[in-house]
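*Asks:* Need a 3D model of the following:
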Amino acid sequence: MTRRSQHYPPELRERAVRMVAEVTPNYDSQWAAIGAVAQKLGVGTAETVRKWVRQAETDAGQRPGTTSEESAEIKRLKRENAELRRANEILKAASAFFAAELDRPSTRS
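*Replies:* Numbering: from 1, shown residues only. The predicted model follows:
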């Protein structure tokens with residue numbers, strides 16, 4: 001199964017979340033409202049819109065979980081950590097190389 005990544009503009013996401021909040025009282029369930037909004041906006045699946053709504057609720061503090069801001073910070077820190085680990089490995093290798101150079105006997109006269 002191939003997964004095609006389709007990125008929607010942030011404006012569309014915000015509009016979908018607002019629309020779901022506005023039309024939910026007109027439907028039997030939030031899921032029905034999400035399905036209708038997804039279809040009206042031409043979003044691939046209702047599940048996509050559901051995830052946007054859940055993330056918006058988390059960001060607003062209405063639902064427990066990791067906010068978008070926290071996720072971005074964690075991602076940045078993981079990237080920085082990996083970069084520092086690579087730099088540390090390079091420094092260790094350089095240190096070992098130069099230590100070996102110092103241990104060799106000098107052949108100069």
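*Asks:* Check the burial of the closest residue in space to residue 27 that isn't next to it in sequence by counting its neighbours.
*Replies:* With CB to CB, 6 or more residues apart in numbering as the criterion, residue 27 has its nearest non-adjacent residue at 4.3 Å, and that residue is residue 33. Every C-beta, even on glycine, is put in place using the N, C-alpha and C of the backbone. Residue 33 sits with 22 neighbouring residues when counted by other CB atoms under 10 Å.
*Asks:* Which helix runs longest in the chain?
*Replies:* helix 68-103 (DSSP state H).
*Asks:* Please give me every residue in contact with the residue nearest to residue 27.
*Replies:* Contacts for residue 33 (CB atoms under 8 Å, 6 or more residues apart in numbering) come out as 20, 23, 24, 26, 27.
*Asks:* let's see it at 6 Å
*Replies:* 20, 23, 24, 27 (CB atoms under 6 Å, 6 or more residues apart in numbering).
*Asks:* which of the residues you listed are buried?
*Replies:* The neighbour count (16 or more other CB atoms under 10 Å) marks 20, 23, 24 as buried among the contacts of residue 33.
*Asks:* ok, of those residues, which one's closest to residue 84?
*Replies:* Lowest distance from residue 84 to the buried ones among the contacts of residue 33 (CB to CB) belongs to residue 20, with 41.4 Å.
*Asks:* which phi and psi does that closest one have?
*Replies:* Per-residue torsions, residue 20: phi -60, psi -50 (degrees, to the nearest 10).
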